[in-house]
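Peer 1: Just a sequence and a predicted model for now, questions to come.
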Amino acid sequence: MGASLQKTILIVEDEQDILQLIKLYLEKEGFRTATAMNGVEALKKVKEDKPALIVLDLMLPELDGLEVCKRLRSVPETALLPIIMLTAKAEESDTVIGLELGADDYVAKPFSPKALVARIKALLRRLERTPVEKTGLYHYGPVTMDTTRHEVRLGNDEVPLTAKEFGLLEHLLRYPGRVLTRDILLNAVWGYDYYGTTRTVDVHVRRLKQKLPPLDAAIVSVKSLGYKLKHTVDET
């Protein structure tokens, strides 16, 4: 519980009873909570409260959950902020769009508050794991990256990458399953003082796919936002 005491969860839900129920269960587990009842207020609260994770309802007044998610993913400060979407819709289409826009998980209404809290804890634990940073090794199917040796291998064969290709691949491997916008990748790999076009990212992604064929289908272009590396090579 000690770790959760340091974290604020932003609950964005326009149904007061559901919002209070989630708030109650999270605070029982030692989390701090912040709340918003519409999309505009949610964006404001993100800036004010700097939450560790957002529980975001899909159907919201003023700005819906999909638009809130898209806006959060489009700026460096919140591009990697964990988002769990709540949806009451029977259709899967909006849920899929939400995941494509960068939501990390979703929970369908009606839901168990205990199950939602468990999902929140599991997501935070997964994002806190940093064994890669200690070892300097990433494994993705037959691709291995050793950051300490600045080396990438496909099976037993070393694949020469430029410094930018290496940095781009490292960032994708560090955040599998997350939508990384072109701006985020530019800032991470090229630096904040880079003033070229975002098409630079597209060119380097294309080169990575050519040099490492197993990544061709694994690095997915996400609408007009950027790219996502699938969690596993054979993920559908």
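Peer 2: Looks like it arrived, so ask away.

Peer 1: make it CA atoms for all contacts and neighbour counts henceforth
Peer 2: Will do.

Peer 1: how close does the residue sitting nearest the centre point of the chain get to I22?
Peer 2: For the chain, R178 is the residue whose C-alpha lies nearest the centre (C-alpha atoms, centre = their mean; 3.6 Å). In this view, R178 and I22 are 25 Å apart by C-alpha to C-alpha, to the nearest Å.

Peer 1: State the next helix or strand along the chain beyond the helix or strand of the chain with the lowest mean pLDDT.
Peer 2: In the chain, no helix or strand scores lower on mean pLDDT, DSSP states H and E than helix 131-135, which sits at a mean of 51. Note on helix 131-135: by DSSP states H and E, the next helix or strand toward the C-terminus is strand 137-140.

Peer 1: which other helices and strands contact that following strand?
Peer 2: strand 143-146, helix 163-174 (3 or more C-alpha pairs under 8 Å, 6 or more residues apart in numbering; DSSP states H and E).

Peer 1: Compare these and report which one is nearest to P214.
Peer 2: strand 143-146 (7.8 Å; C-alpha to C-alpha).

Peer 1: Give me the sheet partners of that closest one and which way each runs.
Peer 2: strand 137-140 (antiparallel), strand 151-154 (antiparallel) (DSSP bridges).

Peer 1: can you list the residues that contact the last one?
Peer 2: Under the criterion C-alpha atoms under 8 Å, 6 or more residues apart in numbering, residues P142, V143, T144, M145, D146, E158, V159, P160, L161, L212 lie in contact with strand 151-154.

Peer 1: Tell me where the protein has helices.
Peer 2: Remark: helices assigned in the chain by DSSP state H are 16-28, 39-49, 65-73, 93-100, 113-128, 131-135, 163-174, 182-185, 199-211.

Peer 1: Next, the angle from the last one to helix 163-174.
Peer 2: Taking axes from the mean of the first three to the mean of the last three C-alpha atoms, to 10 degrees, one finds helix 199-211 and helix 163-174 inclined to each other by 80 degrees.

Peer 1: Quick one: residues in contact with helix 199-211.
Peer 2: Under C-alpha under 8 Å, 6+ apart, the answer for helix 199-211 is V159, K164, E165, L168, L169, R182, L185, L186, L215, D216, I219.

Peer 1: And the pLDDT at the residue lying closest to P61 once chain neighbours are set aside?
Peer 2: Among residues not flanking P61 along the chain, N38 sits closest, at 5.3 Å (C-alpha to C-alpha, 6 or more residues apart in numbering). The model reports N38 with a pLDDT of 97.

Peer 1: Report how many residues lie close to E15.
Peer 2: 11 (other C-alpha atoms under 10 Å).

Peer 1: For it, what are phi and psi?
Peer 2: Backbone torsions of E15, given as degrees, to the nearest 10, read phi -90, psi 110.
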